[in-house]
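Asks: Next come a sequence and a model predicted from it.
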Amino acid sequence: MRTSGSIARALRDTFPVMAGYMVLGIGFGILLRAKGYGALWSLAMGLAIYSGTMQYVAIEMMSGGAALADTAMTAFLMGARHIFYGLTMSERYRNVHGLRKAYMIYALTDETYSLVCRSDDEDYCFWVSLLDHSYWLAGGVTGALLGEVLPFDSRGIDFALTALFVSICTEQWLNTENHQPALTGLIGSVMCLIIFGAESFLIPSMMIITLVLLMLRGRNGNV
């Protein structure tokens, strides 16, 4: 009974995530297909990477012949925030063991974290993680399949992820009094864009932002 109740609650709570993941996933799949990669590539990337931001970036890096070292560094820096997610969940997942624990750690995306950090129910946390991952996989594969059979003009679809982060940043700005993280991201990105140019600013800007946020966290304890 407990498991069925956890699944029902997870389905209800992840419904908004499903709406977002399906839309973004379909956009990712369409862009991936436009670059010559099919549904199996979308499924493989969703299983192995499972990061909306990095998967969108990886499309251009794959098609542009980016060096492996650059790709690895970009992936690490773009996912560095998950280190802090993991630290806050260490006690909550202490009694989870085996493959389930490994998967729940791997599947701790932004949206999943926002749900599981509010619950001590291990089954609920597992099903939230699995459902959110399934939504993303389904969206990506659907988009790739649609891109194969329907004539899509993929121009502008990649802006969907930008729009998502703009909306998240705006909501954070309106709902919090501490604007240091948002200003750090904005100033650091603009400075690196000016210094390194549009083709090379991403990695140095993320390194600077991560370093500044770590310093602010150490000083304030709440950034």
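Replies: That came through, no problem. All values reported here derive from a predicted model rather than from experimental measurement. Residues are numbered from 1 along each chain as shown.

Asks: If you count neighbours, what's buried in the lengthiest helix in the chain?
Replies: In the chain, with assignment by DSSP state H, the single longest helix is helix 122-149. Going by neighbour count (16 or more other Cβ atoms under 10 Å), the buried part of helix 122-149 is 122-133, 135-145, 147. C-beta here means a position set from N, CA and C on the backbone, and glycine is covered the same way.

Asks: Packing partners of that helix?
Replies: helix 2-13, helix 15-34, helix 39-48, helix 98-106, helix 110-116 (3 or more Cβ pairs under 8 Å, 6 or more residues apart in numbering; DSSP states H and E).

Asks: can you redo those helices as CSV with mean pLDDT and mean neighbour count?
Replies: Output for the helices and strands packed on helix 122-149, formatted as CSV (pLDDT from 0 to 100; neighbours: other Cβ atoms under 10 Å):
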stretch, mean pLDDT, mean neighbour count
helix 2-13, 85, 14
helix 15-34, 89, 21
helix 39-48, 93, 17
helix 98-106, 89, 13
helix 110-116, 86, 19
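
Asks: Present the ones you listed as CSV; the columns should include distance to Asp70.
Replies: Shown next, in CSV, are the helices and strands packed on helix 122-149 (distance: least, Cβ to Cβ, whole Å):
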stretch, distance to Asp70
helix 2-13, 37
helix 15-34, 20
helix 39-48, 17
helix 98-106, 23
helix 110-116, 24
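
Asks: lowest-confidence helix or strand of the protein?
Replies: helix 159-175 (a mean of 69; mean pLDDT, DSSP states H and E).

Asks: which element follows it toward the C-terminus?
Replies: helix 180-196 (DSSP states H and E).

Asks: Give me the helices and strands touching that following helix, please.
Replies: So helix 180-196, by 3+ Cβ pairs under 8 Å, 6+ apart, packs with helix 159-175, helix 202-220.

Asks: looking at the helices and strands packed on helix 122-149, which is closest to Val166?
Replies: Between Val166 and the helices and strands packed on helix 122-149, the shortest gap by Cβ to Cβ is with helix 15-34, which sits at 13.6 Å.

Asks: chain center to the closest one: distance?
Replies: 12 Å (Cα atoms, centre = their mean, to the nearest Å).

Asks: And stretch 14-27, by the same measure?
Replies: The answer for stretch 14-27 is 12 Å, by Cα atoms, centre = their mean.

Asks: Let the chain start at 181 from now.
Replies: All right, first residue 181 from here; so that's stretch 194-207.

Asks: Could I get the CA-only coordinates of that stretch as PDB?
Replies: Taking C-alpha atoms only, stretch 194-207 is exported to PDB below (Å, rounded to 0.1, in the frame of the first residue of the first chain):
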ATOM      1  CA  THR A 194       5.600  15.400 -11.200                       C
ATOM      2  CA  PHE A 195       2.800  16.400 -13.600                       C
ATOM      3  CA  PRO A 196       4.100  19.900 -14.000                       C
ATOM      4  CA  VAL A 197       7.600  18.500 -14.600                       C
ATOM      5  CA  MET A 198       6.200  16.200 -17.300                       C
ATOM      6  CA  ALA A 199       4.800  19.200 -19.200                       C
ATOM      7  CA  GLY A 200       8.100  21.000 -19.200                       C
ATOM      8  CA  TYR A 201      10.300  18.000 -19.900                       C
ATOM      9  CA  MET A 202       8.200  16.800 -22.800                       C
ATOM     10  CA  VAL A 203       8.300  20.200 -24.500                       C
ATOM     11  CA  LEU A 204      12.000  20.700 -23.900                       C
ATOM     12  CA  GLY A 205      12.700  17.100 -24.700                       C
ATOM     13  CA  ILE A 206      10.800  17.300 -28.000                       C
ATOM     14  CA  GLY A 207      12.800  20.400 -28.900                       C
END
